[in-house]
Every structure is written in C-alpha cells, then in structure tokens.
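[1] whatever this is, show me its structure:
(one chain, ligands or ions: 1)
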Amino acid sequence: MDTTARAAVAGLLLFLVFLTGIWLSRRGRPLKVGISTLHKLVGLAAGVLLLVTIYQRNRVVPLDAAEWIAIVVTSLCFLGTVVSGALLTSDDPMPVAVLRVHQVVPVLTALSSGATLYLLLGL
Ligand code: HEM
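    Presented below is the predicted three-dimensional model:
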C-alpha cells in the first residue's frame, strides 16, 4: 500500500470508529452487540494499521526521537480509549466520567494518530 492510500485508509478507519461509536451510543442500553463488535473491530483495524506502519517505516529508516515521542503519546491515547471503552462495554452502570473520558480521549487518539502518520509517512 503506498503512502497516500495508507493515510486515506487510516483516516477512513478512524472516521468509521467515531461513526460506529456515536451510532452505538444513540441506540442506548443494553448495547447492540453487532454495532459494539463492529465498533471494536474497526478500532482494532486502525490500531493494527498504525502498528504495521510503525514497524515497516522503522525497518526502512530507523525512527528518530520526535517520531518515538509521537508513537508513545499515540499508544497512551489508544490505551486510554480501549480501557474506557472496555469499562463502558460492561453491563454495570459506570460513572458519567468514564463516558466523558471515552468522548475526549478518542479525539486525542485521532489527532495523535494523524500527527504520527504525518511524521512517519513524510506527507
Ligand atoms: C480508536 C478507538 C475508538 C474510538 C475513536 C472510539 C470512539 C467512540 C465514540 C466517539 C463513541 C460515542 C460516544 C458518545 O456518543 O457519547 C464511542 C462509544 C462507545 N465505545 Fe468507543 N471508541 C474506540 C474504541 C472502543 C473500544 C476498543 C471499545 C471497547 C472495548 C469501545 C466501546 C465503546 C462503547 C461501549 C461505547 C458506547 C458508550 C455508551 O453510550 O454508553 N470503544 N466510542
């Protein structure tokens, strides 16, 4: 996959995670299993694409300090998104703060993923 296609697919996947997340939220509780699974799978696909991009770019040209910083920040954002998402998936009622975290951290995840791809792919 060339650079432009990779950036476009990553952008599309991230957009789809937001779309399925909002769809999931709007359908209310109990969560719709199909939408919830789709939401997680698209999120997983975005994470895997990012990891593969990091691995392949590092093999061609070793990553520099700024790129590593972007990768660490993005990984922490992904972790926060996955943990808050996993808590929201539970049937037990969660404090509203968890939903707030899962509304804010995904935006940070998308922004930092964009910045990481920008640095790594030299767009
Ligand atoms: C890059 C990854 C992800 C992004 C960008 C993302 C984004 C979102 C967004 C924007 C919402 C809608 C929030 C709202 O409308 O108020 C949402 C809802 C939700 N997400 Fe995610 N999410 C991601 C990953 C995950 C993962 C990995 C899980 C589960 C392990 C998860 C579970 C949920 C659940 C359960 C809801 C519904 C919350 C509710 O309304 O109670 N998400 N997500």
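[2] output the contacting helices and strands for the lengthiest helix in the chain.
    For the chain, the helix with the greatest residue count under DSSP state H is helix 33-60. Here helix 33-60 touches helix 3-26, helix 65-89, helix 96-121, going by 3 or more Cβ pairs under 8 Å, 6 or more residues apart in numbering; DSSP states H and E. Where you see a C-beta, it was placed from the backbone N, CA and C, and this is true even at glycine.
[3] next one: A66 from the ligand, what distance?
    23 Å (Cβ to the nearest ligand atom, to the nearest Å).
[4] wait, I meant L111
    11 Å.
[5] repeat that for L44.
    To the ligand, L44 is 7 Å away according to Cβ to the nearest ligand atom.
[6] again, but for L41
    9 Å.
[7] how about R29?
    Look at R29 and the ligand: by Cβ to the nearest ligand atom, they are 7 Å apart.
[8] so that residue: helix, strand or coil?
    Three-state assignment for R29 (DSSP: H, G, I helix; E, B strand; the rest coil): coil.
[9] could you report the neighbour count for it?
    8 (other Cβ atoms under 10 Å).
[10] next, it: phi, psi?
    The phi and psi values for R29, taken as degrees, to the nearest 10, are phi -100, psi 150.
[11] now L31
    The phi/psi pair for L31 (degrees, to the nearest 10) is phi -60, psi 140.
[12] and it, what does it touch?
    24, 89 (Cβ atoms under 8 Å, 6 or more residues apart in numbering).
[13] C77 contacts H102, doesn't it?
    No - the pair C77 and H102 fails to qualify as a contact (Cβ atoms under 8 Å) at a distance of 11.8 Å.
[14] around the ligand, pick out the residues from this structure.
    Residues of the chain lying near the ligand by Cβ under 6 Å from any ligand atom: 17-18, 21-22, 24-25, 31, 36, 39-40, 43, 46, 81-82, 85-86, 88-89, 99, 102-103, 106, 109.
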